[in-house]
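Undergrad: sequence below, structure please.
(4 chains)
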Protein chains: 4
Amino acid sequence: MQDIEAVRAALRAQRIETPSWAYGNSGTRFKVFAQEGVPRDPYEKIADAARVHALTGVAPLVSLHIPWDRVDDYAHLAAHAHDHGVRIGAINANVFQDDAYRLGSVTNPDARVRRKAVHHLLACVDVLDATGSRDLKLWFADGTNYPGQGDIATRQAYLAEALAEVYARLSADQRILLEYKLFEPAFYMTDVPDWGTAYAHGLELGPRAVVCVDTGHHAPGTNIEFIVAFLLSRGRLGAFDFNSRFYADDDLMVGAADPFQLFRIMHEVVRGGGLDPAAGVNFMLDQCHNIEPKIPAQIRSVANVQEATAKALLVDAEELAAAQQAGDVLAANAVLMDAYATDVRPLLRELREEQGLAPDPVAAYHASGYAERIRAERVGGTQAGWGA
Amino acid sequence: MQDIEAVRAALRAQRIETPSWAYGNSGTRFKVFAQEGVPRDPYEKIADAARVHALTGVAPLVSLHIPWDRVDDYAHLAAHAHDHGVRIGAINANVFQDDAYRLGSVTNPDARVRRKAVHHLLACVDVLDATGSRDLKLWFADGTNYPGQGDIATRQAYLAEALAEVYARLSADQRILLEYKLFEPAFYMTDVPDWGTAYAHGLELGPRAVVCVDTGHHAPGTNIEFIVAFLLSRGRLGAFDFNSRFYADDDLMVGAADPFQLFRIMHEVVRGGGLDPAAGVNFMLDQCHNIEPKIPAQIRSVANVQEATAKALLVDAEELAAAQQAGDVLAANAVLMDAYATDVRPLLRELREEQGLAPDPVAAYHASGYAERIRAERVGGTQAGWGA
Amino acid sequence: MQDIEAVRAALRAQRIETPSWAYGNSGTRFKVFAQEGVPRDPYEKIADAARVHALTGVAPLVSLHIPWDRVDDYAHLAAHAHDHGVRIGAINANVFQDDAYRLGSVTNPDARVRRKAVHHLLACVDVLDATGSRDLKLWFADGTNYPGQGDIATRQAYLAEALAEVYARLSADQRILLEYKLFEPAFYMTDVPDWGTAYAHGLELGPRAVVCVDTGHHAPGTNIEFIVAFLLSRGRLGAFDFNSRFYADDDLMVGAADPFQLFRIMHEVVRGGGLDPAAGVNFMLDQCHNIEPKIPAQIRSVANVQEATAKALLVDAEELAAAQQAGDVLAANAVLMDAYATDVRPLLRELREEQGLAPDPVAAYHASGYAERIRAERVGGTQAGWGA
Amino acid sequence: MQDIEAVRAALRAQRIETPSWAYGNSGTRFKVFAQEGVPRDPYEKIADAARVHALTGVAPLVSLHIPWDRVDDYAHLAAHAHDHGVRIGAINANVFQDDAYRLGSVTNPDARVRRKAVHHLLACVDVLDATGSRDLKLWFADGTNYPGQGDIATRQAYLAEALAEVYARLSADQRILLEYKLFEPAFYMTDVPDWGTAYAHGLELGPRAVVCVDTGHHAPGTNIEFIVAFLLSRGRLGAFDFNSRFYADDDLMVGAADPFQLFRIMHEVVRGGGLDPAAGVNFMLDQCHNIEPKIPAQIRSVANVQEATAKALLVDAEELAAAQQAGDVLAANAVLMDAYATDVRPLLRELREEQGLAPDPVAAYHASGYAERIRAERVGGTQAGWGA
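TA: Next up is the predicted model:
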């Protein structure tokens, strides 16, 4: 039997980071459906993220994406966040939307393009310095579409060089979160396709180069919780990019496609001590709300992570270990499933009320008039979006 | 031993259709990399397609996409094509890029949107009438991203209604090519996800509602040539959308990812009589040249289809049937592999020279100065693209 | 708000069929781990199935597999079942374990083998007659391992011939359940690989040739509930073979790998009227308990189906339809997720107690001493198994 | 332009290892179809392997599987091999077919089972000593079927312990080849599921713990040649287990399912210097000939590897590098495809004739009367097989 007070304490202590780009427009290659009231600049994105935190109580951090969130004065932006009750989280370096990057950024065959890309990464470390952020998140769209187009080993060497230069630039309290992805936008070969590649580069770089697990970036059939457990055991699980997918990198709301998988992942996190802030795991969302309204979708996503976490915390660890040790397959499975079958929504409602929050944050959002206000106010200007 | 003259005759008679949109810009949700010299209107697209035909001798047809290729006078466009030595092929109805279609077109919960979509489909039949085209190609981006978002059965009923109305509008010599796709842009449920759904609706509609097999639209592990063989045996293989993929709907050049699969597909086409024009199979390309130049990529793709066809024609059908009948697994496989291992490039070069063409159409294109000319001439205006 | 009494009534009326082979030994190609107490003949298998029914109250039917369950007198076996409180359900025709079937059964290139296979299928209809069963379940291991090994279209013709002969032999109240499977044991091409093929053959045969959906027989990314909804809408969903899988046809306990998918499937069943006995949907389990004890695994599986059904019944259909019609993506999804998040175990415990059953059937099984008894009694003889 | 004499020299120097178990019976969980003339002991398996070498000239090594190939005197077996013109290659430790291993071998929750497994691994090192083999190949069937069944991190720790003990036992010229596999026979979690896990354990063990890439052990969409290139660049590509697959671990003849992939893999091998014996890459086959005769299937497989190697050697490395460096996507792809399109069978026939071999080794096998002889001689006794 789990100690319910410990469960509650762990849930109170949980921190989830929302991404600035989730508040802007996004879409597929076929169409971006613009929504009313979408932010027009990083300040408005942070305001929306702050609203999500105000309603959920567990989302006090906002990831930025540079240059999407480029401002003249990052300290000012950080102060703005602080005024809204949130903080700047990970800085995402975007090296995939300049025309120069058609054939890659840090792995481009052209040395000048590689240089340009590294300069941008270094500039992002400046943003870390200015905002007090800990994490530089590196995801590379780099790869090739056709066999023969690029030389895999040469590109790996370029990648290692670029990472080394950036790693050397970090302060002692800063980290690289190296993200991997199976495919897209490159279709034949991706330069960091899997956790093994990210982990191997991290080992070669040093202890502050850790892995970011995006839950949508795996081949079908991959056991993600295995990866989580392994990385945690080696001290290399730096962060999650939470979202969900049915097929490819769908970037749907976390927990929407396979809530049981999310629970299994959180079970390994709990099991491996990953909820302890000392473990250094950053629980981030990375989602695209192509057709649904963005703020309530973020709220729902935060709640989905909370529910999975609550269920994971409710797993009776002793009983589980005993059944595992006894080789009782069905009993061990049943211990896990019992926690999963539990309806934790009442528990989460209670915790919210304890903190003075509305028990149902989505309903509270709809009642708040915020959506109507931003639709009315945010007219004119250029809406934020993936391409903005 | 195959009759080599029959092989040559079949290769001379082959017709491949290229898509107008392959000459425009395309990309992923992350970035569209614009290229110089890209067409700015349907007339320039047709000029590029005509150039592909002039160099290959087997690509005299061009598919249009409406409204991407909307013009005031389609008869004029058809005459323009004729003047360039090509003809208008299939008309693709685009019902996915209007803001109204966020939750679907013909399966939208809102009756007005469904009406609007059907009106567009009917308008596309007008284009068939005006251009003398035979085929209306219907691909629906319709589907849902989240469980519960839409009712599957209701949406199927809407789909059937829309198809019936369009089918009733066709002339006796016009056809619907109904295309299926596993996923994207819808991520949870697609309204026509597989060949079974397209075939079932076709049966309910009538004999002129046939299936279009896009080679990139299947789940991993799907045996596409089985589908081809089955549809051919039932007289329901209407067309191919050729392209290739490693992971999802990558829309790479046909034959680039799995040339052996393309050969196996063409083997079933040959085996089932699908090369005979009476079979009514339209061999179309449907590709996106995101990072490579478009015209030579189309030329290469046409050549790839020719090579696969040549190898399929070289399969010794009698020897194969004998080994199959004898249950000699290795011998039967070897008959197929012998044809596949054959280098058919010399044969295709000969056939081109017989027709007064250059033996290497890509080299001929580069030598022709066409690329330089369009880069110089096509300045200003708006480049064509997926969103144009 | 769903009518809770209607929910309870539907749950009381539900009938699940367990397979005789699940009580015998099974394994992978690497190893079959034998378990103590496993049945040695069909009579003992039925006794075990009856035990599952006695404890769950909803599993009064047992599928047989012929020749695994061959007996001299099927009427006697049916009477034995009746004496144990259960009935014979679907008859599964096994045409894959005779040496003659190395290259296929009904699609074998050798006419004598095809004949032999059809004779076995017809003999299975005799078993239907003798046992009073309604359903002949046909799954064919037929296919090829290598391209070229067999001719796809010829094999389809052989398949159609065999099915027609068997269909003609059926009584008016008997049905063919035609099962499809993506791959395994054939690795290159399977003769009935997908629902489209099974459905197409069913249409050509007649109304009593319906489709059996094995939840483990699909390519990655396939939306199974779509197939369920479609087949139900056309009156062609004959049965489920329930099990679960992470990767391939793992045949794990239903609901063990993706309980949310099972819920979505049951939601479509409820939505499409499939729980109504008049719909003719046979809810069967088809599982292999390679490492876990078989009887409690069956009990757990039955409970998993019940839980998914209960959640599906709790979906607020009106609220869902309203949100769908309004195009409110998040609200519609939330209606579904609310039902899924509900802990239905208390409801099912209540229903069991109402029927005089123990609330926890697995615990009741362990307390009953049955496992110890069969371990003691079933010594000597040959254990039942996939190869037995 | 590649130096054709260098190509010929490289092909002459190539060495491929065939597996003893490929000469025995194998099958799927559904059925093992026994074949006539199959070996009844390791001596007969080696005789068959020697026959493959005699006909191909490039297969002088035979892998053993212990205990399938257990003999009293391994030195005697090695001498037998020598007398037949071949040598013992890798020793495969089989820790998955004892009843004790139902829940794992080196990761079993029961310490006694773990001990037993490690003892077997150590005993296999004794076989290396006795036979003079260099490579101990470790593939673990270990894993779990159900979430909760085992603790991932604990099992990783057990795995590390076992590997460390075995590594410590190796002589300075012996290696561990650690093989990974996505799934099967474990369905939920496999203890060494991917190259990242194998590589990570190898790094922790030492330089002589290298990775074995089985080409059938990956998730759909995995770019295997990327893994090959990466491991080669780090000196950790120890071996291949060649075979091919359409869906899962089908263990078909290498090159049968995707010959272009095999070519791409060999291209990375050539590019990374992996053909040089100093690189230490062991090119092994690992296949199951379930329905086709075994010896000619091995011959065909050897030839398929040779053809892919020949094509990879024909890639114009300079031209390729130039096109890659120039960012010419189509030209770079064309260089690769030109080599792939080349018919290398004449070259291989020439090389065989130079060595005094028949140009077509399969035909030579059929003409030799060997098949008839073993069918006649190998009557009685127990046929070798996966379970033997």
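Undergrad: which residue ranges of the stretch 201-350 of chain A form strands?
TA: Assigned by DSSP state E, counting those that start in this stretch, the strands in the stretch 201-350 of chain A fall at A:209-214, A:237-242, A:282-285.
Undergrad: quick one: A:A209 and A:A200 touch, right?
TA: No: A:A209 is beyond contact range of A:A200, at 10.4 Å (criterion: Cβ atoms under 8 Å). Yep, even glycine has a C-beta here, placed from its N, CA and C like the rest.
Undergrad: shared neighbours of the two, which are they?
TA: With contacts defined as Cβ atoms under 8 Å, 6 or more residues apart in numbering or on different chains, no residue is shared by A:A209 and A:A200.
Undergrad: give me whichever of the strands of the stretch 201-350 of chain A is most buried.
TA: strand A:237-242 (a mean of 27; mean count of other Cβ atoms under 10 Å in any protein chain shown).
Undergrad: send me that strand as PDB with only the CA atoms.
TA: Taking Å, rounded to 0.1, in the frame of the first residue of the first chain, the C-alpha atoms of strand A:237-242 are listed here in PDB:
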ATOM      1  CA  LEU A 237      17.600  11.300 -18.800                       C
ATOM      2  CA  GLY A 238      17.600  15.000 -19.200                       C
ATOM      3  CA  ALA A 239      14.100  15.700 -20.300                       C
ATOM      4  CA  PHE A 240      10.900  14.600 -21.900                       C
ATOM      5  CA  ASP A 241       9.200  16.200 -24.800                       C
ATOM      6  CA  PHE A 242       5.700  14.900 -24.100                       C
END
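Undergrad: hmm, it touching chain D?
TA: No: no part of strand A:237-242 sits near chain D under the criterion Cβ under 8 Å from any Cβ of the partner chain; the closest distance found is 11.8 Å.
Undergrad: what lines up beside that strand in the sheet?
TA: Counting by DSSP bridges, the strands paired with strand A:237-242 are strand A:209-214 (parallel), strand A:282-285 (parallel).
Undergrad: could you export these as CSV, including mean pLDDT?
TA: Below are the strands paired with strand A:237-242 laid out as CSV (pLDDT from 0 to 100):
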stretch, mean pLDDT
strand A:209-214, 98
strand A:282-285, 98
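Undergrad: what's the closest of those strands to D:H267?
TA: Among the strands paired with strand A:237-242, strand A:209-214 comes nearest to D:H267, with 28.9 Å by Cβ to Cβ.
Undergrad: can you give the contact residues for the closest one?
TA: Counting by Cβ under 8 Å, 6+ apart, A:137, A:139, A:163, A:167, A:175-181, A:195, A:198-199, A:201-202, A:224, A:227-228, A:231, A:235-241, A:243, A:249, A:280, A:282, A:284, A:286 sit against strand A:209-214.
Undergrad: and the residue of chain A that's closest to chain D?
TA: A:G196 (2.3 Å; Cβ to the nearest Cβ).
Undergrad: in contact with that residue, which residues?
TA: D:194-197, D:199-200, D:227.
Undergrad: distance of the residue nearest the centre of chain A relative to chain B?
TA: Nearest residue to the geometric centre of chain A (Cα atoms, centre = their mean): A:D241, 2.5 Å. When distance is defined by Cβ to the nearest Cβ, to the nearest Å, A:D241 is 15 Å away from chain B.
Undergrad: what of A:S368?
TA: As for A:S368, its distance to chain B is 23 Å (criterion: Cβ to the nearest Cβ).
Undergrad: burial of A:R234, as a residue count?
TA: 16 (other Cβ atoms under 10 Å in any protein chain shown).
Undergrad: and A:A308, by the same measure?
TA: 25.
Undergrad: tell me the pLDDT at the closest residue in space to A:R264 that isn't next to it in sequence?
TA: Nearest non-adjacent residue to A:R264, counting by Cβ to Cβ, 6 or more residues apart in numbering or on different chains: A:E225, 4.5 Å away. With respect to pLDDT, A:E225 scores 98.
Undergrad: thinking A:E225 is in contact with A:F260, fair?
TA: No: contact status for A:E225 versus A:F260: not in contact, 10.6 Å apart, counting by Cβ under 8 Å.
Undergrad: quick one, strands of the stretch 1-150 of chain A?
TA: With DSSP E, counting those that start in this stretch as the criterion, the stretch 1-150 of chain A has strands at A:16-19, A:61-66, A:87-93, A:135-138, A:143-144.
Undergrad: let me have those in JSON lines, extended by mean neighbour count, mean pLDDT and distance to chain C.
TA: Below are the strands of the stretch 1-150 of chain A laid out as JSON lines (neighbours: other Cβ atoms under 10 Å in any protein chain shown; pLDDT from 0 to 100; distance: least, Cβ to the nearest Cβ, whole Å):
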{"stretch": "strand A:16-19", "mean neighbour count": "27", "mean pLDDT": "98", "distance to chain C": "16"}
{"stretch": "strand A:61-66", "mean neighbour count": "26", "mean pLDDT": "98", "distance to chain C": "21"}
{"stretch": "strand A:87-93", "mean neighbour count": "26", "mean pLDDT": "98", "distance to chain C": "25"}
{"stretch": "strand A:135-138", "mean neighbour count": "26", "mean pLDDT": "98", "distance to chain C": "27"}
{"stretch": "strand A:143-144", "mean neighbour count": "26", "mean pLDDT": "98", "distance to chain C": "21"}
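Undergrad: which one of those strands lies closest to D:G150?
TA: With respect to D:G150, and counting by Cβ to Cβ, the nearest of the strands of the stretch 1-150 of chain A is strand A:16-19 at 29.2 Å.
Undergrad: show residues contacting that closest one.
TA: Counting by Cβ under 8 Å, 6+ apart, residues outside strand A:16-19 touching it are A:49, A:52-53, A:56, A:58-59, A:61-63, A:65, A:89-90, A:92, A:282-287, A:298, A:302, A:305-306.
Undergrad: pull up the pairing partners for that strand, direction included.
TA: Sheet pairing here is set by DSSP bridges, and for strand A:16-19 it gives strand A:61-66 (parallel), strand A:282-285 (parallel).
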